[in-house]
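Asks: turn this into a structure:
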Amino acid sequence: MKKILLAICIVFTVTNCNNDYLETASLTQIAEGNFWQSEADAFLALNGVYSALQNSSMYGGSLNAWQGIPGYDCLGDNAYNQYEWEGPGIFMEGNYSPINGQFAGIWNDSYRGIARINGVIKNVQDISESLIPLETKDALLGQAYFLRALIYFNLAVYFEDAPLITAPQTLENAYVAKNTYAEITEQIRKDLTFAIEALPPSHPPNLYGYATKGAALGLFARVQLYNKVYNDPQNGVLVLTQKALNLGYTLHSNYGNLFTPANETSPEIVFSVRFLANPASNNGETFSGTYGGSPKVDQRPMPNLVNDYYCTDGLPITSSPLYNPSNKKQNRDPRALATIYFAGDQFLDSPVTTFPGNGPTGFGMRKYIKRGPDADGNGIAGQGSQDFYVIRYADILLMRAEAMAETGDVSGARTLVNQVRNRVNMPSVESVEGAVNQQQMIQIVRHERRVELALEGLRFMDLKRWGTIEEAFNRAISDPVGPYNPQYRQGKSEVFPIPQDELDVNTSLKQNPVWL
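Replies: Coordinates of the predicted model:
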């Protein structure tokens, strides 16, 4: 079947699943006392964990509600959250505080997911090997540890210090203090070390969507890159990405077509959160939704992002003779045309509709966005079945290139950047930039990450890793965008506050110092 993650949840205490995902029969047939009796039960519980990733505050996204991770390129200089009340907009303008609820969603849904994961880990470990063979146990645990690492890494990036919970809780031990970023990161490394060993390189088609060895390697590389662990002989970025390169992933031949339901199983996709919206399922997403008068109104590409795409000769628009300011899409990097709608572009096929260039930035979001009702009859503004790509092979190539550049391997970094550019027929580094030094190569890789991964929810993570969030704010401030008024507030622009509701009910939990 096309999707496995139909969000089948289990009615037992630690899973805490949403009612939307419950089968009617399960209301009377599944309970704590008669669950965990078979391998099938374990896989059902694991599916309940995956369903947590589909929540709107996680990877399900939004069109007209609080934003999730697909909208986090609005944190920084890539996009403007025109519906500022969704979260990123008021955060950028310095109007966010711990009493706001927009980022409480990712906090709460993360811990709901962690509770389910911890329940799976405990019960899989405890269940008799006569019911689940040891090999299957390890595979299930690998899935759970990968998912816990993914969720905790998001918490570490956005909240930094947070409670580290690794076992099912009772009311008596529910109110815990937060752990340090370093403690969380160390647990993430332990979880991913196990996952890499336990997970297979691939799954049969009917299990597509479960995490693989490549997914664990890619996530571990992302964690280590964020922490600047490039050369560690066991788990440095260079070692981890080399292992991933040997697993058979390839770049999809057509960059523009990659971000469509038709190509969700491309060999470029290392790990995705899967969605399916049809009459038999209600686990669709809304990050691909759009309106009929203008594409994806709440998330608008910023002019400075558009200007950062080179012309087809490999030169910036400030120096390329090919740049035409009266036709900004002409002779541009094909990734610009696949990511952004320019004025005059047809953005809906049914009904045929042209983007007039309206809105505060003058540009529209194209990547992932529907072009009409989908194959299941879902309307353009409703839920869709587009998978969200958490890790792509292109990202792994660029993570490796960054680690090489940072450690002085300019030639190695150049080769990988050229590989990514070649997919879209952009000129090589040596043919345009020529012989470059280490610092120049670092900047080339950073530019390549921006134009390759734009509007995929990774920009804030990159900016924070590079220590350039203030620079990004300044670019956003300089853009001629309507009523938008970004304000850089140092630490308050680089970390989310712990939700005040959490502090009120848990006196052991203390606010991040920058928000005091």
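
Asks: mind checking how far the nearest residue to residue 357 once chain neighbours are set aside is from residue 337?
Replies: Excluding the flanking residues, the one nearest residue 357 by CB to CB, 6 or more residues apart in numbering is residue 343, at 2.7 Å. C-beta: built from backbone N, CA, C; applies to glycine. Between residue 343 and residue 337 the computed distance is 13 Å (CB to CB, to the nearest Å).

Asks: all strands for the stretch 301-450 of the chain, in order.
Replies: Under the criterion DSSP state E, counting those that start in this stretch, the stretch 301-450 of the chain contains strands at 340-341, 346-349, 352-354, 364-365, 388-392.

Asks: partners of the first one in the sheet?
Replies: Strand partners for strand 340-341, identified by DSSP bridges, are recorded as strand 364-365 (antiparallel).

Asks: could you give the mean pLDDT of the strand it pairs with?
Replies: Taken as a whole, strand 364-365 has a mean pLDDT of 98.

Asks: residues in contact with it?
Replies: 79, 294-296, 299-301, 339-341, 345, 347, 355, 455 (CB atoms under 8 Å, 6 or more residues apart in numbering).

Asks: next one: stretch 416-429
Replies: For stretch 416-429, using CB under 8 Å, 6+ apart, the contacting residues are 251-253, 255, 310, 312-314, 333-335, 394, 397-398, 400-401, 404, 414, 430, 436, 444-445, 448, 452.

Asks: if we go by neighbour counts, what in it is buried?
Replies: 416, 417, 418, 420, 421, 423, 424, 426, 427, 429 (16 or more other CB atoms under 10 Å).

Asks: so residue 450 versus residue 373, what's the distance?
Replies: Distance from residue 450 to residue 373, by CB to CB: 32 Å.

Asks: ok so, going back, from the contacts of stretch 416-429, which ones fall inside helices?
Replies: Mapping these onto helices (DSSP state H) picks out 255, 334-335, 394, 397-398, 400-401, 404, 414, 430, 444-445, 448, 452.

Asks: which ones are touching the residue lying closest to residue 177 once chain neighbours are set aside?
Replies: The spatial neighbour of residue 177 that comes closest, neighbours along the chain excluded (CB to CB, 6+ apart), is residue 508 at 4.5 Å. The contact partners of residue 508, taken as CB under 8 Å, 6+ apart, are 175, 176, 177.

Asks: quick one: secondary structure of residue 508?
Replies: coil (DSSP: H, G, I helix; E, B strand; the rest coil).

Asks: can you tell me how far it is from residue 173?
Replies: Residue 508 is 11 Å from residue 173, by CB to CB.

Asks: with residue 516 instead?
Replies: For residue 516, the distance to residue 173 - CB to CB - is 26 Å.

Asks: swap in residue 285?
Replies: Residue 285 is 35 Å from residue 173, by CB to CB.

Asks: which of these two has more residues huddled nearby?
Replies: Comparing residue 285 with residue 173 by neighbour count (other CB atoms under 10 Å), the higher total belongs to residue 285, at 27 against 10.

Asks: phi and psi next, for the nearest residue to that one once chain neighbours are set aside.
Replies: Of all residues not flanking residue 285 in the chain, residue 275 sits nearest, at 4.3 Å (CB to CB, 6+ apart). Dihedral angles of residue 275 (phi, psi; degrees, to the nearest 10) stand at phi -140, psi 150.

Asks: what's near enough to touch residue 275?
Replies: 3, 5, 54, 60, 283-285, 383-388.

Asks: flag whichever of these scores worst on pLDDT.
Replies: Among the contacts of residue 275, residue 5 has the weakest pLDDT, 38.

Asks: just the buried ones from the contacts of stretch 416-429, in PyMOL syntax?
Replies: Selection of the buried residues among these in PyMOL, burial being defined by 16+ other CB under 10 Å:
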select buried, resi 251+252+255+310+312+314+333+334+335+394+397+398+400+401+404+414+436+444+445+448+452
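
Asks: run a quick neighbour tally on residue 267.
Replies: Neighbours around residue 267, by other CB under 10 Å: 12.

Asks: got it, and residue 478?
Replies: 12.

Asks: likewise for residue 229?
Replies: 20.

Asks: leaving out sequence neighbours, find the closest residue to it.
Replies: Per CB to CB, 6+ apart, closest to residue 229 is residue 236, 5.5 Å.

Asks: isn't the one you found right up against residue 223?
Replies: No. With contact defined as CB atoms under 8 Å, residue 236 and residue 223 do not form a contacting pair (11.3 Å).

Asks: who has more neighbours, these two?
Replies: For residue 236 versus residue 223, the count of surrounding residues by other CB under 10 Å is larger for residue 223: 23 against 19.

Asks: now do the nearest residue to residue 514 once chain neighbours are set aside against residue 330, distance only.
Replies: With CB to CB, 6+ apart as the criterion, residue 514 has its nearest non-adjacent residue at 3.1 Å, and that residue is residue 491. For residue 491, the distance to residue 330 (CB to CB) stands at 42 Å.

Asks: neighbour count: the two, which is higher?
Replies: Neighbours around residue 491 and residue 330, counted as other CB under 10 Å, are more numerous at residue 330. The numbers are 14 against 11.

Asks: just give the closest residue to residue 84, not the sequence neighbours.
Replies: Nearest to residue 84 is residue 90, by CB to CB, 6+ apart, at 5.1 Å.

Asks: spell out the secondary structure type for that neighbour.
Replies: Per three-state DSSP, residue 90 ends up helix.

Asks: when you give positions from now on, start the count at 15
Replies: With 15 as the first residue, the last one maps to residue 104.

Asks: give me the neighbour count for it.
Replies: Count around residue 104 with other CB under 10 Å applied: 16.

Asks: kindly report the same for residue 215.
Replies: Neighbours of residue 215 (other CB under 10 Å): 10.

Asks: that one belongs to a helix?
Replies: No. Residue 215 is assigned coil when assessed by three-state DSSP, not a helix.

Asks: who are the neighbours in contact with the residue nearest the centre of the chain?
Replies: The centroid of the chain falls nearest to residue 404 when counting by CA atoms, centre = their mean (4.5 Å). Going by CB under 8 Å, 6+ apart, residue 404 touches 73, 164, 284, 285, 286, 287.

Asks: out of these, who's nearest residue 335?
Replies: residue 284 (38.4 Å; CB to CB).

Asks: the closest one is in contact with residue 258, isn't it?
Replies: Yes. With contacts counted by CB under 8 Å, residue 284 reaches residue 258, the gap being 7.4 Å.

Asks: any residues in contact with both of the two?
Replies: 228, 232, 410.

Asks: out of these, which is most surrounded?
Replies: Busiest of those [other CB under 10 Å] is residue 232, holding 28 neighbours.

Asks: my read is it is in a helix, agree?
Replies: Yes. Applying three-state DSSP, one finds residue 232 inside a helix.

Asks: residues near the nearest residue to residue 120 once chain neighbours are set aside, how many?
Replies: Nearest residue to residue 120, sequence neighbours excluded (CB to CB, 6+ apart): residue 71, at 4.6 Å. Other residues lying near residue 71 total 22 when counted by other CB under 10 Å.

Asks: so residue 71: helix, strand or coil?
Replies: helix.

Asks: return the residues in contact with the closest residue to residue 346 other than its chain neighbours.
Replies: Distances taken as CB to CB, 6+ apart put residue 323 closest to residue 346, at 5.4 Å, once the chain neighbours are dropped. The neighbourhood of residue 323, defined by CB under 8 Å, 6+ apart, consists of 331, 346, 347, 349, 350, 465.

Asks: distance of the last one from residue 346?
Replies: Which is residue 465. For residue 465, the distance to residue 346 (CB to CB) stands at 10 Å.
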